[in-house]
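>>> below: sequence and its predicted model.
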Amino acid sequence: MVHSSTTLPPLDTLEAFARAARLGSFSAAAEESGITHGAVSRQVSRLERWMGVRLFEREARGVSLTPEGMRFFARAEEALALLGNSGERWSPRRSKSVVRLSVTPSVASLWLFQRLPKLEGLDVHLELVLEHRLADFGEGTDLAIRCGKGPWAGVRGLQLWREKSFPIASPALAIRLGQRSDAQSLLELPILHDSNIEGWRRWLSPEGLDYVPRGQDRRFEDYNIVIDACVQGLGIALARPPLSDAALEAGRLVAVSDRTVDYHVAFHLIRPDEALRAPASEFARRFLAEAGHDEAAIAAFVAPGRGKG
């Protein structure tokens, strides 16, 4: 999260600061908040950088407020009390453990949402952060889903699924093509793609064609928009199973060629190297099982030590 205000402190750091001040310990504040000690420490450091003063004295058995910290603590308590008395509450039920997942909009809308009740169960509330950047686990994020080649430094990742891509279109566009499925025939129609065109280049190259985006083609930032545009008949897209499965199974899209290509990047579930909180570990287990991973791969991913992946 980027903090853009020059007159307000980063609001997401206030609660961590206030809890650490009340309890006299970053570890106790982390346990009460349901986040890690490192996350509390980073949030407090971020607040101190914004204020330009040291709020805590770090001691062997805990922390104590500096004079500046004492003055700010009184104001922070007042502000949090006002927010806590707001008539419109956004916090989940206290009976559930919160797990914070950073995820791209395409995976959220095309795969996660339909499975969310099953994955949350009766004991987990998933807090979603929809974004494209690689998650900053210092901001309280437990897990993240990102697309790329991996591995990434400082985090542990596990590839979710392997994508076999092939061209797809709306039934109406498929009728226009008839039985033609060669690359040159497909290029008579607009091509739809997200911010990465390498998939189309890989699919077209066996027929000696190098894809260069044209004026009639359309680029969208997120793959879920590519799918929506394809359903509306705006052009031909590449299937990315399992994200495209629902539209194909419902008949809203159809394959227009049997030739497939291994997609050049993949989605990964990512976690910090430090030990996962118990609710995040349980959610990761459910998520990876739903994605088709076996128990050995799941156990290695959630294990406290450095796993393979």
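Structure received. Residues are numbered from 1 along each chain as shown.
>>> state the pLDDT value of D136.
Looking at D136, its pLDDT is 73.
>>> just to check, V231 is in contact with G251?
No: contact criterion CB atoms under 8 Å: V231 and G251 do not qualify, at 10.4 Å. Glycine gets a C-beta too; all of them are placed from N, C-alpha and C.
>>> those two: who's more crowded?
A direct count of neighbours by other CB atoms under 10 Å for V231 and G251 places V231 higher, at 17 against 8.
>>> show me the contacts for that one.
By CB atoms under 8 Å, 6 or more residues apart in numbering, V231 lies in contact with S170, A247, R252, L253.
>>> which one is the residue nearest the centre of the chain nearest to, not counting chain neighbours?
Nearest residue to the geometric centre of the chain (CA atoms, centre = their mean): V103, 1.5 Å. If the residues on either side of it in the chain are set aside, V103 comes closest to I145, at 4.5 Å by CB to CB, 6 or more residues apart in numbering.
>>> check which helices and strands the helix or strand harbouring that neighbour sits against.
According to DSSP states H and E, I145 maps onto strand 143-148. Where contact means 3 or more CB pairs under 8 Å, 6 or more residues apart in numbering; DSSP states H and E, strand 143-148 is packed against strand 97-103, strand 266-272, helix 278-290.
>>> need these in a markdown table with mean pLDDT and distance to R46, can you?
Output for the helices and strands packed on strand 143-148, formatted as a markdown table (pLDDT from 0 to 100; distance: least, CB to CB, whole Å):
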| stretch | mean pLDDT | distance to R46 |
| --- | --- | --- |
| strand 97-103 | 90 | 17 |
| strand 266-272 | 92 | 17 |
| helix 278-290 | 95 | 21 |
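>>> save the ones you listed as a markdown table, and put in distance to E120 too.
Formatted as a markdown table, the helices and strands packed on strand 143-148 follow (distance: least, CB to CB, whole Å):
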| stretch | distance to E120 |
| --- | --- |
| strand 97-103 | 9 |
| strand 266-272 | 16 |
| helix 278-290 | 8 |
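>>> do you know which of the ones you listed lies nearest G121?
With CB to CB, the closest approach to G121 among the helices and strands packed on strand 143-148 belongs to helix 278-290: 7.4 Å.
>>> among the helices and strands of the chain, which has the poorest mean pLDDT?
Across the helices and strands of the chain, mean confidence by mean pLDDT, DSSP states H and E is lowest for helix 67-84: a mean of 77.
>>> how about that helix: buried residues?
By 16 or more other CB atoms under 10 Å, the buried positions in helix 67-84 come out as G69, F72, F73, A76, L80.
>>> help me confirm that the first one comes into contact with A21.
Yes: the pair G69 and A21 qualifies as a contact (CB under 8 Å) at a distance of 6.8 Å.
>>> which parts of this protein belong to which domain?
11-84, 97-160+266-302, 164-262 (automatic domain parsing).
>>> work out the gap between the first one and the centre of the chain.
It refers to domain 11-84. Offset of domain 11-84 from its chain centre (CA atoms, centre = their mean, to the nearest Å): 27 Å.
>>> with the longest one instead?
Averaging C-alpha coordinates over domain 97-160+266-302 and over its chain gives two centres that are 7 Å apart (CA atoms, centre = their mean).
>>> cool, the last one as well?
Centroid separation between domain 164-262 and its chain, computed with CA atoms, centre = their mean, is 25 Å.
>>> that one: end-to-end distance?
The stretch domain 164-262 measures 5 Å between its terminal residues, going by CA to CA, to the nearest Å.
>>> ok, now the second one?
One end of domain 97-160+266-302 to the other measures 17 Å (CA to CA).
>>> ok, the nearest residue to L116 once chain neighbours are set aside - contacts?
Spatially, and ignoring its direct neighbours in sequence, L116 is nearest to L126 (6.5 Å; CB to CB, 6+ apart). Residues in contact with L126 (CB under 8 Å, 6+ apart) are V99, L101, L116, L119, E120, F283.
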